[in-house]
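In: Below are the sequence and a predicted model for it; my questions follow.
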Amino acid sequence: MFEAELFTIPGKGGWTFVKVPEAHAPEVAGAWGRTPVLATVDGEEVETSVWRTKDGEWWLPVAKPLRRGKTAGDTVSVSLRPQAGT
């Protein structure tokens with residue numbers, strides 16, 4: 001488990017993410033740089049993917065229902081597990 005600060009990509013419809021620390025990142029990227037995971041954000045589990053950026057960072061998208069009113073700059077608790085079969 002790790003804690004991370006939410007950040008939002010600027011612009012209309014910008015997505016909200018957290019950066020995944022190296023120690024919690026997948027070993028390899030899947031197709032299109034995305035790797036399926038079971039993510040738990042503040043106690044809520046969701047099937048999603050972590051995204052590998054061109055800069056080599058890993059980002060986890062955090063959908064609005066998971067944020068429960070939290071916005072960019074707020075901290076969430078996160079845990080990641082590989083999806084079955086990956």
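Out: Received, thanks.
In: Give the buried residues for the lowest-mean-pLDDT helix or strand in the chain.
Out: Least confident element among the helices and strands of the chain, by mean pLDDT, DSSP states H and E: helix 64-67 (a mean of 91). Buried residues in helix 64-67, counting neighbours by 16 or more other Cβ atoms under 10 Å, are found at 66, 67. Placement of C-beta: from N, CA and C, glycine included.
In: ok, and what's touching that helix?
Out: 6, 16, 41, 42, 44, 46, 74, 76 (Cβ atoms under 8 Å, 6 or more residues apart in numbering).
In: Need the residues you listed in CSV (columns: distance to residue 30 and secondary structure).
Out: Listed next are those as CSV, based on distance: Cβ to Cβ, whole Å; DSSP: H, G, I helix; E, B strand; the rest coil:
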residue, distance to residue 30, secondary structure
6, 24, coil
16, 21, strand
41, 20, strand
42, 25, coil
44, 23, strand
46, 17, strand
74, 28, coil
76, 23, strand
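In: just the buried members of those?
Out: Going by neighbour count (16+ other Cβ under 10 Å), the contacts of helix 64-67 have 6, 16, 41, 76 buried.
In: List phi and psi for the spatially most central residue of the chain.
Out: By Cα atoms, centre = their mean, the mean C-alpha position of the chain lies nearest to residue 60, the distance being 1.4 Å. When read as degrees, to the nearest 10, the backbone of residue 60 gives phi -110, psi 120.
In: Pretty sure it sits against residue 76.
Out: No - contact criterion Cβ atoms under 8 Å: residue 60 and residue 76 do not qualify, at 9.5 Å.
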